[in-house]
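1. fold the stuff below for me.
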Amino acid sequence: MSARNRELLGLIPASLLVTAGFAAVFIQQGSLSNLSLTYGAIFLGLCVAAHVFLRIALPYADPYLFPLVAVLACFGLVMVYRVDVTLARQQAQWFVVGLGLFVATIVFVRDYRKLEQYRYLIAAGSLALLCLPRLPGIGAQVNGAYLGVRIPGVFIFQPTEFAKIGIVIFLASYLRDTRQVLVAGARRVAGITLPPLKHFGPLLVIWGIAMVLLVVIRDLGSSLMFFGAFLAVLYVATSRVSFVVVGLLLFAGGAYYLGTHVPHVVDRVDVWLDPLNAGRYHRAGYQIANSLFAQADGGLLGRGFGQAYLVTANGGALLPAPQTDLIYAVIVNELGLVGAVAVLITYLLLVQRGFKIALLARDSFSTLLAVGLSAVFALQVFVIVGGVTNVIPLTGVTLPFISYGGSSLLANFVLLALLLLVSDRARRPA
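-> Have a look, this model is predicted:
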């Protein structure tokens, strides 16, 4: 069976999943109709249209990436619909726009290697995007963090979702040119191999500015994603573990300082260490504590679609932001440990395909780009799942393709398009 036929076959489970998911929600609401079949048919039609485009434009691209994304996206639509019907309709609209942006990225960035020529412009644009949420009048603050840009009467745009892609492109391009110099010019100081500052300096400057800006806008989850992508690309480019160790030491020092001196970060750390503290539970600890209660209540097989308690008897929010920050807690509560593991396995398969693309790539820039995009995607999943399960402090990062949010959906479709472009070139016969 050809790669494109395997891709087409993989879209069938996604359409069946969205049909079965909506049917389960409708049954729970006592209003089962053929509307679930309609939703499934529409979703399958959109995915098949995208598949036909890929069959023509990228005939050698990885056949599993798009079906895996389709499964996550359709599952996300069902979960958001279960929380709020209006938000689900908006998410469906963003899904269509995302497919359009996905197609546009493949058409206009067909030769993605030309992005290397604009690496400093892309880096400057990414840093400008990070500054936008702090601008007076348009910056939107949510739970102490400056996450988005408010466009009056339209929507809230989260620029960090697109900035992460720009920073990864810059890192891949710059390290492609300097990786040999970094390795050859490395010096041992106190038993640790350090890269030459002359060539490592510009990289640190761009990364440092991004980190400072992320601290200023208080988006800690994005800070971790950027830092992790930086270390992943650096390690693949140089094969020097010592460089990663130095980076981790710097991160540990910065994390300690922020966790003891920045009030917003101090509060997050305190809640993480003891969310059930009587003084915090009814304030900042309410969200993470109820998230843990909901996951424990799900058990092995869950309570079933539509069975999670999202509001109290008085109409208050039992699980705050269930469509964004805590959507993973809703999944665990309704589908149990089995459903949660299935979601995580889907993410792991997607990331594995991304790293497989990096291994097959024929040039250094393609390899580093695929590694950076896959790493930043994997770290985004880790940050939100780790926060909801209280492994790390909770942040406002969205669960890719599942959480409600137009900016995240659009940016991740661009990320998917770039991975498929790299894959098509890597798998194309010489």
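
2. helices of the stretch 1-150 of the chain, start to end?
-> For the stretch 1-150 of the chain, applying DSSP state H, counting those that start in this stretch gives helices covering 3-29, 35-57, 65-83, 85-108, 119-131.

3. closest one to P429 among those?
-> Nearest to P429, of all those, is helix 3-29, at 12.5 Å by Cβ to Cβ. For glycine as for every other residue, the C-beta is placed from the backbone atoms N, C-alpha and C.

4. so for R150, which of the helices of the stretch 1-150 of the chain sits nearest?
-> The minimum distance between R150 and these falls on helix 119-131, with 14.9 Å, by Cβ to Cβ.

5. quick one: that closest one to chain centroid distance?
-> On the basis of Cα atoms, centre = their mean, to the nearest Å, helix 119-131 sits 19 Å off its chain's mean C-alpha point.

6. and I12, what does it touch?
-> By Cβ atoms under 8 Å, 6 or more residues apart in numbering, the contact list for I12 reads L44.

7. distance of it relative to A57?
-> Note on I12: its distance to A57, by Cβ to Cβ, to the nearest Å, is 22 Å.

8. I'd like the average pLDDT over stretch 414-430.
-> For stretch 414-430, mean pLDDT is 94.

9. which parts of that stretch are buried?
-> Using 16 or more other Cβ atoms under 10 Å as the test for burial, stretch 414-430 gives 414-427.

10. grab the nearest non-local neighbour of I167.
-> S126 (5.1 Å; Cβ to Cβ, 6 or more residues apart in numbering).

11. spatially nearest residue to A358 (excluding sequence neighbours)?
-> Distance criterion Cβ to Cβ, 6+ apart; nearest residue to A358, sequence neighbours excluded, is A370 at 3.8 Å.

12. so the one you found, which state does it fall into?
-> helix (DSSP: H, G, I helix; E, B strand; the rest coil).

13. isn't it right up against I357?
-> Yes. Using Cβ atoms under 8 Å, A370 is in contact with I357, at 4.6 Å.

14. need the overlap of contacts for those two.
-> The contact sets of A370 and I357 overlap at 419, 422-423 (Cβ under 8 Å, 6+ apart).

15. just give me the neighbour total for V244.
-> For V244, the neighbour count with other Cβ atoms under 10 Å is 15.

16. for the helix or strand hosting L175, buried residues please.
-> L175 is part of helix 160-184 when elements are defined by DSSP states H and E. Buried positions in helix 160-184, judged by neighbour count with 16+ other Cβ under 10 Å: 160-176, 178-179, 182-183.

17. what helices or strands is that helix leaning on?
-> Helix 160-184 sits against helix 119-131, helix 197-216, helix 220-238, helix 364-388, helix 406-427, with contacts defined as 3 or more Cβ pairs under 8 Å, 6 or more residues apart in numbering; DSSP states H and E.

18. ok, then the element right after the lowest-mean-pLDDT helix or strand in the chain?
-> Lowest by mean pLDDT, DSSP states H and E among the helices and strands of the chain is helix 278-281, with a mean of 58. Once the chain leaves helix 278-281, the next helix or strand it forms, by DSSP H and E, is helix 285-298.

19. contact partners of that next one?
-> 271-272, 274-277, 281, 303, 308-309, 318-321, 325-326, 329-330, 332-337, 340, 387-390, 394.

20. name the next helix or strand following that helix along the chain.
-> Going down the chain from helix 285-298, the next helix or strand is helix 327-360, by DSSP H and E.

21. now do that following helix, average pLDDT.
-> 94.

22. mind listing what L421 touches?
-> 58, 61, 105-106, 109-110, 112.

23. please redo it, this time with the cut-off set to 10 Å
-> Contact analysis of L421 by Cβ atoms under 10 Å, 6 or more residues apart in numbering lists 57-58, 61, 105-106, 109-113, 357, 366, 369-370.

24. same question, C74
-> Counting by Cβ under 10 Å, 6+ apart, C74 has contacts 11, 13-19, 21-22, 39-40, 43-44, 47, 95, 401-402.

25. please name the nearest non-neighbouring residue to it.
-> Spatial nearest neighbour of C74, excluding adjacent residues (Cβ to Cβ, 6+ apart): V18 at 3.8 Å.

26. tell me how many other residues crowd that neighbour.
-> Neighbours around V18, by other Cβ under 10 Å: 27.

27. now swap in the one 10 residues further on and tell me
-> Here the neighbour count serves as a burial measure; for Q28 (other Cβ under 10 Å) it reads 15.

28. can I assume it is in contact with V78?
-> No. Using Cβ atoms under 10 Å, Q28 makes no contact with V78, being 11.8 Å away.

29. what touches both of the two?
-> By Cβ under 10 Å, 6+ apart, the residues touching both Q28 and V78 are F305.

30. which among the helices and strands packed on helix 160-184 is found nearest to G254?
-> Closest approach to G254 among the helices and strands packed on helix 160-184 is made by helix 197-216 (7.7 Å; Cβ to Cβ).

31. what is the mean pLDDT for that closest one?
-> Mean pLDDT, computed over helix 197-216, is 66.
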